[in-house]
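A.B. asks: Take a look and give me a structure for this.
(one chain, ligands or ions: 1)
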Amino acid sequence: MSTNLFGLELDALTAHFKALGEPPYRARQIYAWLYAKRARRFDAMANVPKALRARLAETGEVRWPEVADRQHSTDGTVKYLFRLDDGASIESVYIPEARRRTICISTQAGCPLKCAFCLTGIAGYKRNLKTWEILGQVATVMTEAAEIDPDGSPERAWNVVVMGMGEPLLNYDATVSALRVLMDPEAFAITPKRLTLSTVGILPALEKLMLEPVRPNLAISLHAPNPALRRELMPIEEKYRLEDVIAAAQRYPIPRGGRVTYEYVLLRDTNDRPQHARELVRLLRGTHSKVNLIPLNPAAEIPFGAPSRAAVEAFTGILSDADVAVSVRRPRGQDILAACGQLHLKKASAERAPVAAR
Ligand code: SF4
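C.D. replies: Presented below is the predicted three-dimensional model:
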């Protein structure tokens, strides 16, 4: 059976080469080709002897997940739908900005946590992704971005946010393995402060992540300022309580003295009122943190509306008047199916529909 070398960390690759009777430095060479140069064919690996390249091609492969669809927004955002071997699909997003480029990646096909405002949660859960499926999203987007947007690209640093489909800490091993490769200077070389993992706060896994030698930035999906409302929006509140999640997040060693981000999706007349903003101030007062407000990107399947501009401004004002650092996420890619899970849902329903109806 052919082994996919893409997705292996350096120690696993070294063991693989040892089994082939090759020295460790060969593994290091291939590791750089796989992740720093993102070569997809063994015959492109110029400093590897021809005979070894041929042998690698016979016994192994370099496989990324297959792109099933791309949607280009007029603002430059590109939304990717990847089709996996078992028919599951996942999404990633490329977001170019003046001074940086961001890739948002998925760690699960679907999500079991069923947050009420999230299309991915509504669509249900299929499975955890493997390391190669997580890394393949980044490799694909970086490679295509260089092709579609070659001008000035090298000056803009890459950011990776683990905020796509799924709860990354429910897929701990594959996610953390992918993070190690992303942050390794000999591989993707994303600096830890430019890599952010977003979680609802799976506490045992969060405690484990704190002990990893290299860690990404942390964003907590909060979305409500009190347990009762959070329980309505996010069933996980039953298991991992708001105050415990905040207490753990505040102990998290953020790279280079940064702050924990609390993400708060604003839902019209649900959690976007001044009283909610004041509760949020009380909850976060004294913490070293910042709040990222995300006005809902509405979709027909989501039973909530987008907040009014006035509500967003009032909410932001209450936070900043109380000296809580706050930013509002700018909507991106609104002319494409930009809400997380939307492209996947559209494809899934098209596939379920009778052929004549397409
Ligand atoms: S918001 Fe995140 S954790 Fe909640 S259902 Fe969606 S993907 Fe899962």
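
A.B. asks: Mind listing residues that contact stretch 274-284?
C.D. replies: The contact list for stretch 274-284, computed with Cβ atoms under 8 Å, 6 or more residues apart in numbering, reads 224-226, 229, 242, 246, 262, 264, 291, 314-315, 318-319, 322, 324. Where you see a C-beta, it was placed from the backbone N, CA and C, and this is true even at glycine.

A.B. asks: May I have that stretch as CSV, with CA atoms only?
C.D. replies: Provided in CSV are the C-alpha atoms of stretch 274-284 (Å, rounded to 0.1, in the frame of the first residue of the first chain):
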residue,chain,number,x,y,z
PRO,A,274,-26.7,46.9,25.9
GLN,A,275,-27.4,44.7,28.9
HIS,A,276,-25.4,41.9,27.3
ALA,A,277,-22.5,44.2,26.6
ARG,A,278,-22.6,45.3,30.3
GLU,A,279,-22.6,41.7,31.5
LEU,A,280,-19.7,41.0,29.2
VAL,A,281,-17.8,43.9,30.7
ARG,A,282,-18.4,42.5,34.2
LEU,A,283,-17.3,39.0,33.1
LEU,A,284,-14.1,40.1,31.5
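
A.B. asks: in it, what's buried?
C.D. replies: Under the neighbour-count criterion of 16 or more other Cβ atoms under 10 Å, stretch 274-284 has H276, A277, E279, L280, V281, L283, L284 buried.

A.B. asks: before we move on, what about stretch 193-213?
C.D. replies: Quick answer for stretch 193-213 (16+ other Cβ under 10 Å): 194-203, 205-206, 209.

A.B. asks: any idea how far whichever strand or helix holds E147 is from the chain center?
C.D. replies: If you go by DSSP states H and E, E147 is part of helix 131-148. Chain-centre distance of helix 131-148: 13 Å, with Cα atoms, centre = their mean, to the nearest Å.

A.B. asks: what is the mean pLDDT for it?
C.D. replies: The average of the pLDDT scores along helix 131-148 is 93.

A.B. asks: which residues touch it?
C.D. replies: Residues contacting helix 131-148 (Cβ under 8 Å, 6+ apart): 4, 6-9, 35, 38, 63-65, 67, 78, 80, 82, 84, 90, 92, 94, 96, 101, 103, 105-107, 153, 158, 160, 164, 174-175, 177-178, 181-182, 188.

A.B. asks: Check which residues of it are buried.
C.D. replies: 131-142, 145.

A.B. asks: Which strand or helix spans the residue of the chain most remote from its centre?
C.D. replies: Distance from the centre of the chain peaks at A51, with 38.4 Å (Cα atoms, centre = their mean). According to DSSP H and E, A51 maps onto helix 50-59.

A.B. asks: before we move on, back to that, can I get the buried residues of helix 131-148 in CSV with distance to the ligand?
C.D. replies: Formatted as CSV, the buried residues of helix 131-148 follow (distance: Cβ to the nearest ligand atom, whole Å):
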residue, distance to the ligand
T131, 19
W132, 21
E133, 16
I134, 14
L135, 19
G136, 19
Q137, 15
V138, 18
A139, 22
T140, 20
V141, 19
M142, 23
A145, 24
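
A.B. asks: The residue farthest from the centre of the chain and the ligand, how far apart?
C.D. replies: Distance, A51 to the ligand, using Cβ to the nearest ligand atom, to the nearest Å: 46 Å.

A.B. asks: Same question for L319.
C.D. replies: L319 is 21 Å from the ligand, by Cβ to the nearest ligand atom.

A.B. asks: Please confirm that that residue is located within a helix.
C.D. replies: Yes: counting by DSSP: H, G, I helix; E, B strand; the rest coil, L319 is found in a helix.

A.B. asks: Which residue is the nearest non-sequential neighbour of it?
C.D. replies: Distance criterion Cβ to Cβ, 6 or more residues apart in numbering; nearest residue to L319, sequence neighbours excluded, is V326 at 4.2 Å.

A.B. asks: who touches A306 in this structure?
C.D. replies: A306 neighbours (Cβ under 8 Å, 6+ apart): L266, R268, P295, L296, N297, P298.

A.B. asks: Which two among those are spaced furthest apart?
C.D. replies: R268 and N297 (12.4 Å; Cβ to Cβ).

A.B. asks: between these two, which one's more packed in?
C.D. replies: A side-by-side neighbour count of R268 and N297, using other Cβ atoms under 10 Å, places N297 first with 20 against 16.
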